[in-house]
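K.L.:
just to be clear, the model below is a prediction. Sequence and coordinates:
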Amino acid sequence: MLSITKLFHFEAGHRLSNYDGPCKNIHGHSYKLHISITGEKLTNGILIDFKVLKKIVETAVINEMDHSLLLKRNELNITATENLGSKILWLDEDPTAEYLVTYIGSKIQNELPAGIRLLRLRLYETDSCYAEMEYSV
């Protein structure tokens, strides 16, 4: 099976509102996102142009998440950020690495051209911690 991988970076703050520990406080990460895609057909020797993949990911994910505060939509977070005036991405769940990698996958999946599928997403929250989602092909 042939696949290609492109790496992306974005900065974001978050907090885990249902966590008993320091991550309940707003803090930030320099996220690294590895996106691997696969397909059966090459066009002019290319599975998908890296520039096309870059545009898809930037439009579907990076523009929304970069320099955002990622928060679960709940009363605690809404009240705490009422007058913050920041770029906030409201999510259905706490923005753990595991949740974010599934959220990102759902944003990208439908934007890929016909014949191209997600193979694997890996989201590094720190240099030594990541969540990974693998897709059946």
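P.N.:
Perfect, I can see it now. All of these numbers come straight from a predicted model, not from anything done at the bench.
K.L.:
can you tell me the centre-most residue of this protein?
P.N.:
The centroid of the chain falls nearest to residue 104 when counting by C-alpha atoms, centre = their mean (3.8 Å).
K.L.:
against residue 12, how distant is that residue?
P.N.:
To residue 12, residue 104 is 12 Å away according to C-beta to C-beta, to the nearest Å. Backbone N, C-alpha and C define where each C-beta goes, glycine included.
K.L.:
then residue 36?
P.N.:
From residue 36 across to residue 12, the span is 22 Å (C-beta to C-beta).
K.L.:
likewise residue 137?
P.N.:
Separation of residue 137 from residue 12 (C-beta to C-beta): 29 Å.
K.L.:
related to what we said a few turns ago, list the helices and strands the helix or strand containing the residue nearest to the centre of the chain packs on?
P.N.:
Using DSSP states H and E, residue 104 maps to helix 97-109. Contact analysis of helix 97-109 by 3 or more C-beta pairs under 8 Å, 6 or more residues apart in numbering; DSSP states H and E lists strand 27-39, strand 116-126, strand 129-134 as its packing neighbours.
K.L.:
mind doing that once more with 6 Å?
P.N.:
strand 116-126, strand 129-134 (3 or more C-beta pairs under 6 Å, 6 or more residues apart in numbering; DSSP states H and E).
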